[in-house]
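Asker: Sequence below, structure please.
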Amino acid sequence: MKVLSLMRHAKSSWEWPGLSDFDRPLLEKGIQRTHRTCQFMQEQKLLPQLVFSSRAVRARETALLVTECLNMKVEPLWVEAFYPGGVRDFLKQLAAIDDQVHHILIIGHNPGISDFACHVLNNQTAEWIPTSGCVSLELDILNWKDTVAGKAKLLHYIKPKELGKKSK
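Answerer: Now for the predicted structure:
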């Protein structure tokens, strides 16, 4: 069994109109929501061994924030193909992962990250991952290269806006 967590980067700023999409930094709101997601991950013991991220500024900043919040001892690995990222890009990266690793986290962008979650789940359960949101999947595989549609079970669909609400 493997665990694959797919996270969308934190909310980013549009404050500088001349800044390219690739270079947009995070907003404070995005940082706060990412902290909520990380707290939930800690509580649920969803602690990845490796983090892969798009090279876009907002994704890199999110990845560094996540590794810090989760007290990870490894640096994120930057993957150029994850900006914007498509199903084939994610599958190609997974196929190259050492099978001794049991839980990874990929930080990317919509629509790619959500499309990939739906692909692996073989349905629309996670059709749109919000900023700082995360979908954790249990994969019924021994080798990462065997990741295919229909081999996953949804463990958690983390929506940070909802984590801040108190239940009545």
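Asker: now the helices for this structure?
Answerer: Remark: helices of the chain, listed N- to C-terminal, are 28-43, 57-69, 87-95, 112-121, 160-163; assignment by DSSP state H.
Asker: Any idea which of those gets closest to residue 10?
Answerer: Using C-beta to C-beta as the criterion, the shortest distance between residue 10 and the helices of the chain is 3.2 Å, found for helix 28-43. Every residue, glycine included, has its C-beta placed from N, CA and C.
Asker: now the angle from the closest one to helix 57-69?
Answerer: Between helix 28-43 and helix 57-69, the angle formed by their directions is 40 degrees, by axes from the mean of the first three to the mean of the last three C-alpha atoms, to 10 degrees.
Asker: Mind listing what's buried along helix 28-43?
Answerer: When burial is assessed from 16 or more other C-beta atoms under 10 Å, helix 28-43 yields the following buried residues: 30-31, 33-38, 40-41.
Asker: For the helices of the chain, give me a markdown table that also has distance to residue 3 and mean pLDDT.
Answerer: Listed next are the helices of the chain as a markdown table, based on distance: least, C-beta to C-beta, whole Å; pLDDT from 0 to 100:
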| stretch | distance to residue 3 | mean pLDDT |
| --- | --- | --- |
| helix 28-43 | 11 | 97 |
| helix 57-69 | 15 | 98 |
| helix 87-95 | 12 | 97 |
| helix 112-121 | 12 | 94 |
| helix 160-163 | 20 | 91 |
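Asker: And the closest residue to residue 42 other than its chain neighbours, how far from residue 38?
Answerer: Ranked by C-beta to C-beta, 6 or more residues apart in numbering and with sequence neighbours excluded, the top spatial neighbour of residue 42 is residue 70, at 6.6 Å. Distance, residue 70 to residue 38, using C-beta to C-beta, to the nearest Å: 6 Å.
Asker: Share the number of residues neighbouring residue 54, please.
Answerer: 27 (other C-beta atoms under 10 Å).
Asker: Tell me what it is bridged to.
Answerer: According to DSSP bridges, residue 79 are recorded as the beta-bridge partners of residue 54.
Asker: Likewise for residue 153?
Answerer: When bridges are taken as DSSP bridges, the partners of residue 153 come out as residue 138.
Asker: my guess is it contacts residue 137, does it?
Answerer: Yes. Contact between residue 153 and residue 137 holds when scored by C-beta atoms under 8 Å: they sit 6.7 Å apart.
Asker: Show me which of the two is the more surrounded one.
Answerer: Residue environment comparison for residue 153 versus residue 137 gives the larger neighbour count to residue 137, 22 against 12, counting by other C-beta under 10 Å.
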